[in-house]
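Colleague: Requesting a structural model of the entry that follows:
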Amino acid sequence: MKEIEDQYIFEYLDENDFRKKERSIRKYSKLAYKKLTFDFYPALRVGNFIGEKVSEDESKNTASFELKLPTDERSALVHGDIMLHYTVYYNKKIILLTNITPEEILDEGHRTELKAYKGVMISKENAKRDMFKVNLIDMLGK
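Modeller: Model (predicted):
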């Protein structure tokens with residue numbers, strides 16, 4: 001294991017907002033939360049930058065990544081994949097955790113208790129739309 005001095009440290013673009021989204025994931029997607037906490041964060045700390053590199057700035061020696069968290073297929077089709085967005089500052093040994101998406105459902109899940117319909121989180125604001133998507137996915141899948 002690498003020494004502590006060699007490890008990267010986490011910083012946040014907006015820590016309160018990021019933690020709210022993390023809590024929503026913990027509540028509504030246990031698998032994604034466990035992978036994030038016990039697999040992905042430790043890997044990032046030791047410099048194993050997983051996910052897809054979306055941009056790189058050689059002059060600042062930084063790179064931005066998107067990491068797809070595990071989600072069940074129907075939830076991903078209804079709301080989109082859960083993605084961790086982060087930027088690595090190689091010279092400073094800092095990982096800036098910028099966002100977790102999809103923001104709409106994660107923010108709403110933090111504010112109110114969401115219901116599940118056929119195992120998928122349903123937005124209170126767009127419940128009919130989400131249920132229609134779930135039913136359509138079920139019909140196409142059968």
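Colleague: what's the spacing between Asp57 and Lys68?
Modeller: 23 Å (C-beta to C-beta, to the nearest Å). C-betas here are computed from N, CA, C, even on glycine.
Colleague: okay, those two: which has more neighbours?
Modeller: More crowded of Asp57 and Lys68, by other C-beta atoms under 10 Å: Lys68, with 14 against 11.
Colleague: State whether the more buried one and Met83 are indeed in contact, as I suppose.
Modeller: Yes - with contact defined as C-beta atoms under 8 Å, Lys68 reaches Met83; the gap is 5.7 Å.
Colleague: check contacts around the nearest residue to Leu36 once chain neighbours are set aside.
Modeller: Spatially, and ignoring its direct neighbours in sequence, Leu36 is nearest to Leu69 (5.9 Å; C-beta to C-beta, 6 or more residues apart in numbering). By C-beta atoms under 8 Å, 6 or more residues apart in numbering, the contact list for Leu69 reads Ile25, Ser29, Ala32, Lys35, Leu36, Phe40, Asp81, Ile82, Met83, Leu84.
Colleague: Least confident of those residues?
Modeller: Minimum pLDDT for those is recorded at Ser29 (79).
Colleague: And for it, the neighbour number?
Modeller: Ser29, neighbours per other C-beta under 10 Å, totals 21.
Colleague: need the contact list for the closest residue to it other than its chain neighbours.
Modeller: Once flanking residues are discounted, Ser29 sits nearest to Thr71: 6.1 Å by C-beta to C-beta, 6+ apart. Thr71 makes contacts with Ser29, Leu31, Ala32, Asp81, Ile82, as judged by C-beta under 8 Å, 6+ apart.
Colleague: change it to 10 Å
Modeller: Ile25, Tyr28, Ser29, Leu31, Ala32, Leu77, His79, Gly80, Asp81, Ile82, Met83 (C-beta atoms under 10 Å, 6 or more residues apart in numbering).
Colleague: For the residues you listed, which two are the farthest from each other?
Modeller: Ile25 and Leu77 (17.7 Å; C-beta to C-beta).
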